[in-house]
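Participant: No sequence on hand, only this structure:
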Ligand SMILES: *[C@@H]1O[C@H](CO)[C@@H](O)[C@H](O)[C@H]1NC(C)=O
Ligand SMILES: *[C@@H]1O[C@H](CO)[C@@H](O)[C@H](O)[C@H]1NC(C)=O
C-alpha cells in the first residue's frame, strides 16, 4: 500500500509531461460575459435579417440576461417588423481577449431554434480571412446536425482527418469555395437544434494547436470526460477520444493561416445561408425567409442561447 503512492505520483507526472495538457486562462460565467465580451451592434456581413443591439439596449430589452449561473442571449420575439425597416433585434457577443493556440469548452444548455435562425459559436481573426475562422457550433433552420468549419486563405486543405463526422469539403479557402470553407458534419443527432435542446444541450470543445484543429461534442448525460464536465483548471485533450471534426495541419500550415482569434457567439436570421430560398423552403420553412422573420415574432420564442459557462485553456 505504502509504495503505491510514490509510484502513482511518478506515473502521473510522466504522463502529464507527454500529454496535451492545457491550463485554464479565462473563465466566464453569468455577468462575467458582460465585462469579458462586447455586444457588437454592427451590420451582419452575411446579409442577415438582423439588427444587432448594443449592451445597454440588450439588457434593457432583456435580450441579454445574466444570473450567477446563466448567460441568456436571445432575439426579440414580440415585434412585427416593417419590411423596409431594420431586421429582428438580436445579440452578437465578441470576446475582448484574443487567443492563438488554445482550447475552449462551452457548456451550453439551449441554442436558438426556429425557421430562419442561423446561430453560431465561432472565432476569427480581425484580419479576415488571413487570420482564419473556426466555426464550432453552426447550422440553419433547425436542420440536421452540427457543422464545424474552417475558413482560410488559399493553401489550407484537409488530409487524413481522424474523425467520427463526415467531411463536407476539404478545401478551406474562402475564395475558391464561395466562402463555404471546409466542414465536417457531426453524426450525433443531439448536436444541434431542437434535438440538442430537448436533451438539455451539452459540451462543445475545440482544440487549436500547431497540429491542427479538433472539435468534440458530448450531449448532456453522456460519458463526458471529467475535466470537461467539471470545467477543471487544467484539461488533457489526449483523453477526450476521437473528435467529431478533425482538421490536421498535414496540408494546412497553422501559423500562416491562423492568427489571434476573438471568440464570438451570435444569432442572425436568413442571410447568405439560412435565407437562400431553396435552402429555407427545402428545410420545410414557409414562403420567403425575410417575410417570415418580419411577420412571425412568436416563432422566435425559442431563439435563444443559454450558456452555463465558457472556459479557455492555453
Ligand atoms: C453571425 O453568425 C453567422 C453564422 O456564423 C455569420 O455568418 C455572421 O457573419 C455572423 N454575423 C456577424 C455580424 O458576425
Ligand atoms: C428576463 O429573462 C430571464 C431569462 O429568460 C427571465 O427569467 C426574466 O424573468 C426576464 N425578466 C423580465 C423582466 O422579463
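Facilitator: Looks like it arrived, so ask away. Quantities reported herein were computed from a predicted structural model and do not represent experimental measurements. Numbers count the residues shown, from 1 in each chain. Ligands and ions are numbered 1, 2, ... in the order given.
Participant: Just give me how far stretch 255-264 sits from the chain centre.
Facilitator: Mean-position distance between stretch 255-264 and its chain equals 14 Å (CA atoms, centre = their mean, to the nearest Å).
Participant: Averaged pLDDT, it. What do you get?
Facilitator: Taken as a whole, stretch 255-264 has an average pLDDT of 98.
Participant: Check stretch 199-208 too.
Facilitator: On average, stretch 199-208 scores 98.
Participant: any idea how far ligand 1 is from the residue nearest to residue 68 when sequence neighbours are not counted?
Facilitator: Among residues not flanking residue 68 along the chain, residue 30 sits closest, at 5.3 Å (CB to CB, 6 or more residues apart in numbering). For the C-beta atoms, the positions are set from N, CA and C on the backbone; glycine is no exception. Counting by CB to the nearest ligand atom, to the nearest Å, the separation of residue 30 from ligand 1 is 23 Å.
Participant: In terms of helices and strands, where is residue 30?
Facilitator: Taking DSSP states H and E as the definition, residue 30 sits outside all helices and strands.
Participant: and it, what is it in contact with?
Facilitator: Going by CB atoms under 8 Å, 6 or more residues apart in numbering, residue 30 touches 66-71.
Participant: cool, and residue 114?
Facilitator: 142, 299-300, 302-303.
Participant: So for the nearest residue to residue 217 once chain neighbours are set aside, what's the pLDDT?
Facilitator: Among residues not flanking residue 217 along the chain, residue 191 sits closest, at 4.9 Å (CB to CB, 6+ apart). At residue 191, the model reports a pLDDT of 98.
Participant: wait, isn't residue 191 in contact with residue 216?
Facilitator: No: under the criterion of CB atoms under 8 Å, residue 191 makes no contact with residue 216, lying 10.3 Å away.
Participant: residues bridging contact with those two, i.e. touching both?
Facilitator: Counting by CB under 8 Å, 6+ apart, the common neighbours of residue 191 and residue 216 are residue 244.
Participant: so where is the stretch 51-200 of the chain shaky, pLDDT-wise?
Facilitator: Low-confidence segments of the stretch 51-200 of the chain (pLDDT under 70): none present.
Participant: How about the secondary structure of residue 72?
Facilitator: What DSSP: H, G, I helix; E, B strand; the rest coil gives for residue 72 is strand.
Participant: How many residues are close by the residue lying closest to it once chain neighbours are set aside?
Facilitator: The shortest distance from residue 72 to any non-neighbouring residue, by CB to CB, 6+ apart, is to residue 65 (4.4 Å). Applying other CB atoms under 10 Å, we find 16 residues neighbouring residue 65.
Participant: Same check on residue 162?
Facilitator: With other CB under 10 Å as criterion, residue 162 counts 9.
Participant: Give me the phi and psi for the closest residue to it other than its chain neighbours.
Facilitator: Leaving out its chain neighbours, the residue that sits closest to residue 162 by CB to CB, 6+ apart is residue 246, at 5.1 Å. Here is the backbone geometry of residue 246 (degrees, to the nearest 10): phi -130, psi 120.
Participant: Residue 80 versus residue 246, what's the distance?
Facilitator: To residue 80, residue 246 is 45 Å away according to CB to CB, to the nearest Å.
Participant: Residue 260 now?
Facilitator: Counting by CB to CB, the gap from residue 260 to residue 80 is 41 Å.
Participant: higher neighbour count, those two?
Facilitator: It is residue 260, of residue 260 and residue 80, that has more neighbours when counted by other CB under 10 Å, with 14 against 9.
Participant: Now for the more buried one: which residues touch it?
Facilitator: Residue 260 touches 98-100, 125-126, 131, counting by CB under 8 Å, 6+ apart.
Participant: any chance of the residues you listed in JSON lines, with secondary structure, neighbour count and distance to residue 311 too?
Facilitator: Converted to JSON lines, the contacts of residue 260 look like this (DSSP: H, G, I helix; E, B strand; the rest coil; neighbours: other CB atoms under 10 Å; distance: CB to CB, whole Å):
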{"residue": "98", "secondary structure": "strand", "neighbour count": "15", "distance to residue 311": "16"}
{"residue": "99", "secondary structure": "strand", "neighbour count": "19", "distance to residue 311": "12"}
{"residue": "100", "secondary structure": "coil", "neighbour count": "16", "distance to residue 311": "17"}
{"residue": "125", "secondary structure": "coil", "neighbour count": "19", "distance to residue 311": "21"}
{"residue": "126", "secondary structure": "coil", "neighbour count": "12", "distance to residue 311": "23"}
{"residue": "131", "secondary structure": "coil", "neighbour count": "19", "distance to residue 311": "23"}
